[in-house]
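Chemist: Provided below are the primary sequence and the corresponding predicted coordinates.
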Amino acid sequence: MKIATWNVNSLRVRLHHLLDWLDTHRPDALCLQELKLEDKAFPEDELRAAGYYAAFSGQKTYNGVAILASSPPKDVQRGIPGFADEQKRLIAATVSGVRIVCGYFPNGQALDSDKFVYKLGWLDALTRWLKQEALPAHPNLVLAGDFNIAPDAADVHPNWGGEILVSPPERAAFRALMETGLTDAFRLFEQPESSYTWWDYRMGAFRRNFGMRIDHILVSNPLRNACRACSVDKAPRSLERPSDHAPVMLELDWHTQ
DNA sequence: ATGGCATAATCCTTATGA
């Protein structure tokens, strides 16, 4: 079973890249972030024609998440239960017996911003919900998406000057999330040095591999031994008008249930 | 090396992103 995540930075603009990518890689499930469109504009028909069902939670201009799957996603849940949030950043569904949680984590903007307070609050609510409800109810769980956190020094270009996405409180929140019983699938396998998933549009960042690894796929303990491979696909980042994020893909030895 | 980019909504500029 292949499970992937991709921040497309506007589904409207990136639809053709997405359809090409689905055609090439045929994931069983794909988590999407930054749809930047309302539900009524979601390209359901085009995706159905490509063989994919979709559960989505969109909004105008910002945010928006979806789970695409080759079989209909079941028990769809939108948002973090008990956490009131206008921003559409989380959707969960069951695909082939795996509970898939797709998140577009807040960026935070700057350490002294109210957006940073929101980011840490969002992470705390997510962690509590996973620990208390989601993981006990769904032991076979995958949390995938744009975390907007580079968890370790190896996940960021050494010349990165800023604090946001790499600060101690953000990394502590990431560790707290892992402590609920989740493993970074990417680090279960040997990887190329300086593996990143996001590169700024400016300054030729992609050409210089001036990036960060902020898109992740975390797996629960029962799924850990089923992981067979996990990789970043940098190819779409070289296309014309690319998303600034690359897809990450996990291969699970998992028989469809 | 954080902007000189990209997107969307809206006005022809601003907010936001990471």
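Modeler: That came in fine, so what should we check first?
Chemist: burial of residue A:175, as a residue count?
Modeler: Residue A:175: 11 surrounding residues under other Cβ atoms under 10 Å. Yep, even glycine has a C-beta here, placed from its N, CA and C like the rest.
Chemist: ok but it is inside a strand, no?
Modeler: No: Residue A:175 is assigned helix when assessed by DSSP: H, G, I helix; E, B strand; the rest coil, not a strand.
Chemist: identify the residues contacting it.
Modeler: Applying Cβ atoms under 8 Å, 6 or more residues apart in numbering to residue A:175 gives the contacts residue A:151.
Chemist: so where do the helices sit in the stretch 101-250 of chain A?
Modeler: Taking DSSP state H, counting those that start in this stretch to define them, one finds helices in the stretch 101-250 of chain A at A:114-129, A:135-137, A:168-178, A:221-224.
Chemist: now those helices as JSON lines including mean pLDDT and distance to residue A:38?
Modeler: As requested, the helices of the stretch 101-250 of chain A are exported to JSON lines (pLDDT from 0 to 100; distance: least, Cβ to Cβ, whole Å):
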{"stretch": "helix A:114-129", "mean pLDDT": "96", "distance to residue A:38": "22"}
{"stretch": "helix A:135-137", "mean pLDDT": "98", "distance to residue A:38": "30"}
{"stretch": "helix A:168-178", "mean pLDDT": "97", "distance to residue A:38": "29"}
{"stretch": "helix A:221-224", "mean pLDDT": "97", "distance to residue A:38": "33"}
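Chemist: what's the closest of the ones you listed to DNA strand B?
Modeler: For these, the distance to DNA strand B is smallest for helix A:114-129, at 5.4 Å, taking Cβ to the nearest atom of the strand.
Chemist: returning to what we had before: quick one: closest of the helices of the stretch 101-250 of chain A to residue A:209.
Modeler: helix A:168-178 (21.8 Å; Cβ to Cβ).
Chemist: please see if that closest one touches DNA strand B.
Modeler: No: taking Cβ under 7 Å from any atom of the strand as the criterion, helix A:168-178 and DNA strand B are apart, separated by no less than 11.1 Å.
Chemist: that older thread, and residue A:1, which of the helices of the stretch 101-250 of chain A is closest to it?
Modeler: That would be helix A:221-224 among the helices of the stretch 101-250 of chain A, by Cβ to Cβ, at 10.0 Å.
Chemist: against which helices or strands is the closest one packed?
Modeler: Packing partners of helix A:221-224 (3 or more Cβ pairs under 8 Å, 6 or more residues apart in numbering; DSSP states H and E): none among the helices and strands.
Chemist: what residues does it touch?
Modeler: Residues contacting helix A:221-224 (Cβ under 8 Å, 6+ apart): A:98, A:139, A:140, A:141, A:142, A:181, A:183, A:188, A:252, A:254.
Chemist: at 6 Å what do you get?
Modeler: Applying Cβ atoms under 6 Å, 6 or more residues apart in numbering, the contact partners of helix A:221-224 are A:139, A:140, A:181, A:183.
Chemist: report the distance from that helix to the chain centre.
Modeler: In terms of Cα atoms, centre = their mean, to the nearest Å, the centre of helix A:221-224 is set 18 Å apart from its chain centre.
Chemist: nearest spatial neighbour of the spatially most central residue of chain A, skipping sequence neighbours?
Modeler: For chain A, residue A:145 is the residue whose C-alpha lies nearest the centre (Cα atoms, centre = their mean; 0.9 Å). In space, and not counting its chain neighbours, residue A:145 is closest to residue A:103: 3.9 Å by Cβ to Cβ, 6 or more residues apart in numbering.
Chemist: what do you get for residue A:59?
Modeler: residue A:88 (4.7 Å).
Chemist: show me which residues of chain A sit near DNA strand B.
Modeler: A:7, A:9-10, A:12-13, A:34, A:36-37, A:60-62, A:106-107, A:109-110, A:115, A:146, A:148, A:159-162, A:164-165, A:198, A:200-205, A:208, A:210, A:212, A:214, A:241, A:244.
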